Structure formats: C-alpha cells, structure tokens
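> the sequence isn't on hand, but the structure is:
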C-alpha cells in the first residue's frame, strides 16, 4: 500500500495487475489459482479504495463491477471472504 501511494505514475498499472489476479481467480478452470494470494491483494486494495474520492472515477466503478463483486461467487472464496 505504501508503494501505491508513493509511485503515482504507476497506479494504473498496479490496479490492472490486481484486476488480472482477481479475474484469474474468477475464471480459473484448472484449479491453478492460489486463493490465498487473492486475500492479500484484497487487503491492499481495501486500503486503496478507502482513499478514493467522490465521485468515483469510471475506471474504479468498472473494477468494482467486473472484478470485485463477481469474486463473491468464486469457488474457494471462503479463503478470502473476510477481506
């Protein structure tokens, strides 16, 4: 989280990498995704989201709708449900 706050120019790339991890967990058909890694990324993303200002940017809304909400239906979500 501290790295995210210091390197402003790379935030979009960092959020994209997080989205890729979430999408990988959602669409993993072979059981290769490690759900425990998702929990740690969700913890970091939670602290990032707490710093968002209103109104939300369109890219933040897309991340919520495409990545975070669908994570609730992922098999194995009990590993990261608390985050």
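Arrived safely. Every value quoted in this text rests on a predicted model; they were computed, and no experiment measured them.

> quickly find the element holding the closest residue to residue 12 other than its chain neighbours.
Of all residues not flanking residue 12 in the chain, residue 59 sits nearest, at 7.7 Å (C-beta to C-beta, 6 or more residues apart in numbering). To be clear about C-beta, it is placed using only N, CA and C from the backbone, and glycine gets the same treatment. For residue 59, the host element (DSSP states H and E) is helix 58-63.

> same for that helix, what does it pack against?
In terms of contacts (3 or more C-beta pairs under 8 Å, 6 or more residues apart in numbering; DSSP states H and E), helix 58-63 is packed against helix 11-27.

> tell me which residues in the helix it packs on are buried?
Neighbour-count burial for helix 11-27 flags 15, 18, 19, 21, 22, 25, 26 (criterion: 16 or more other C-beta atoms under 10 Å).

> then stretch 56-68?
63, 67, 68.

> nearest to residue 10, of the residues you listed?
residue 63 (16.1 Å; C-beta to C-beta).
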